[in-house]
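Engineer: give me the fold of what follows.
(2 chains)
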Amino acid sequence: MIEEKVYNIIAEQFDVDVATLSLETDLVNDLHADSLDLVELIMAFEDAFELSIPDEVALSVKTLGDAVEYIRSAK
Amino acid sequence: MISPEKLTLNGDEILVVFAGKSELGGVLESLGVGRIEKHENGDPYLPESEYYISFSHKDDIAVAAISNSRVGVDVENVTIPRNVERLSRLFHASEAPESLYDFYRLWTSKEAVGKYEGTGITTELLKKKTTDVRHLEYGDYLIAVAGKGEITMKTY
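Structural biologist: Model prediction:
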């Protein structure tokens, strides 16, 4: 459930096919996210999962797996 | 590519160089800025020159700002859509952007000031009113410059 939602948010923001995503997908190296993309993404996660993600956690999210793991632990 | 003349900056002056990402290195080399290295925080500096430098890139273009004093530069493509309503929460309510263009003006200002001050983007910076940033436009690109002096932009 969390994984699917994360994939959908990523697919929409980066305009990529969900089928190309995996837990190993790296936001910067694979999706070419810049600092603004990452900020926008973290805010999209906050809204979708009703969370407040601290800056230090936001900075540590490198892969989709990192995002899913954090959201799972915070819910 | 046009071969630029060797760089000489008099007093308060900022040269903004706008070039293809793969061409900027060659342009800077021909300007004679020498080696480019990075401080521990990632900020670039010129060990063989008295000038200060700042970089930004977007898509396949890159921008460098060079000055006699500290300088920060940022570039964004203003045609890339963003969720402005969501992103406006980043800023102080008095500064909150209402349009995509306003958002990019504000975001590039914060990035430029973060580079100028050497802190990068911080929550405090996002919430603080930004002043003393100037903007240049080139095609779809908006460039923000934080620094002192008259700005000259050269495109390659």
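Engineer: from chain B, which residue is nearest to chain A?
Structural biologist: residue B:86 (5.2 Å; C-beta to the nearest C-beta). Just so you know, the C-beta spots here come from the backbone N, C-alpha and C atoms, and that holds for glycine as well.
Engineer: what segments of chain A are helices?
Structural biologist: Secondary structure of chain A (DSSP state H): helices at A:2-14, A:35-49, A:55-60, A:64-74.
Engineer: which helix or which strand is home to the residue of chain B closest to chain A?
Structural biologist: In this structure, residue B:86 sits in helix B:84-87 according to DSSP states H and E.
Engineer: buried stuff in that helix?
Structural biologist: Applying a neighbour-count criterion of 16 or more other C-beta atoms under 10 Å in any protein chain shown, one finds B:84, B:87 buried in helix B:84-87.
Engineer: cool, stretch B:52-72 as well?
Structural biologist: Under 16+ other C-beta under 10 Å, the buried positions of stretch B:52-72 are B:52-58, B:61-68, B:71-72.
Engineer: starting at the chain centroid, how far to the helix holding residue B:86?
Structural biologist: Distance of helix B:84-87 from its chain centroid, counting by C-alpha atoms, centre = their mean, to the nearest Å, is 23 Å.
Engineer: helices or strands next to that helix in the packing?
Structural biologist: helix A:35-49, helix B:100-117 (3 or more C-beta pairs under 8 Å, 6 or more residues apart in numbering or on different chains; DSSP states H and E).
Engineer: relative to residue B:9, which of these is closest?
Structural biologist: helix B:100-117 (16.6 Å; C-beta to C-beta).
Engineer: for the closest one, packing partners?
Structural biologist: Using 3+ C-beta pairs under 8 Å, 6+ apart, helix B:100-117 is in contact with strand B:52-58, strand B:71-77, helix B:84-87, helix B:123-127, strand B:133-138, strand B:141-147.
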